[in-house]
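Asker: can't give you the sequence, but here's the structure:
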């Protein structure tokens, strides 16, 4: 067993243009924003991004890094539609594959199990089949003869997720109310990079919560990045809530101005700029 800790820059250096990249979290909740900011400071682009989208998608779309997006939604939660995503989509900046939330989950699960697809009822009778003409259906080989959507696996070259605690071996723990399928993102990926609020000794993980909170298993994790406040401005309960004031600033600021103000330097510069504004 090895020490997998690294910096955000070292994690991003393992990524390449043209990859399929999964990003964990949900909307504007527990997104690996420190890793996303490091990615934006690199020259990696032409990405297929797979995400229950939030500001991760909005920033990457505004910066022109996305070639294709696979998602069920892109929202800031308290702001229903992510404005930078909307602007990029309206100008046709990338290809969009939009699926039902449950179909998305089943695609990750198929990839995690190294299956080409999994059958799911979600999507039947909806326009998802019309807007995604490449989707197929399958019929149960048993007496029921039921028809299902054959959701293709969402195989990932790499995944980025954020949790509350992790150890140096890659075991990751969430302490909030929801796992947000981050385990599936890691299991569906060839390489997974996990940022966390704090790196702790393995024995410390079960002192704060039960073993069921150990969401990420070390054999699915490639690198661990200690990143206090690393989900900002999204929430990372119970460590902190969403920074609604900063999120509003992000949503109402033109992308070039926002990028110049908050992304021009390294992560310390970002945190300092945020501190000056609060």
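Answerer: Thanks, I have the structure now. If you're wondering where the values come from, they're calculated on a predicted model, not measured in any experiment.
Asker: state the helix or strand in which residue 248 lies.
Answerer: Counting by DSSP states H and E, the element that carries residue 248 is helix 244-252.
Asker: so how far is that helix off the chain centroid?
Answerer: 20 Å (CA atoms, centre = their mean, to the nearest Å).
Asker: got a list of contacts for the helix or strand following that helix?
Answerer: Proceeding N to C from helix 244-252, the next assigned helix or strand is helix 255-262, under DSSP H and E. Contact partners of helix 255-262, identified using CB atoms under 8 Å, 6 or more residues apart in numbering, comprise 40, 62, 63, 84, 87, 249, 250, 253, 270, 273, 274. From N, CA and C alone the C-beta is placed, and that goes for glycine too.
Asker: mind doing that once more with 7 Å?
Answerer: Applying CB atoms under 7 Å, 6 or more residues apart in numbering, the set of residues contacting helix 255-262 from outside is 62, 63, 84, 250, 270, 273.
Asker: quick check: which element contains the last one?
Answerer: To tie it back to what came earlier, the one meant is residue 273. Going by DSSP H and E, residue 273 is in helix 267-277.
Asker: any idea where the helices of the stretch 51-200 of the chain begin and end?
Answerer: 55-62, 83-90, 101-112, 128-131, 182-187 (DSSP state H, counting those that start in this stretch).
Asker: distance to residue 216 and mean neighbour count for these - can I get that in CSV?
Answerer: Listed next are these as CSV, based on distance: least, CB to CB, whole Å; neighbours: other CB atoms under 10 Å:
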stretch, distance to residue 216, mean neighbour count
helix 55-62, 18, 26
helix 83-90, 27, 18
helix 101-112, 12, 22
helix 128-131, 30, 13
helix 182-187, 6, 26
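Asker: tabulate these (JSON lines), appending mean pLDDT and distance to residue 72.
Answerer: Below are the helices of the stretch 51-200 of the chain laid out as JSON lines (pLDDT from 0 to 100; distance: least, CB to CB, whole Å):
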{"stretch": "helix 55-62", "mean pLDDT": "98", "distance to residue 72": "11"}
{"stretch": "helix 83-90", "mean pLDDT": "98", "distance to residue 72": "13"}
{"stretch": "helix 101-112", "mean pLDDT": "98", "distance to residue 72": "4"}
{"stretch": "helix 128-131", "mean pLDDT": "94", "distance to residue 72": "10"}
{"stretch": "helix 182-187", "mean pLDDT": "98", "distance to residue 72": "14"}
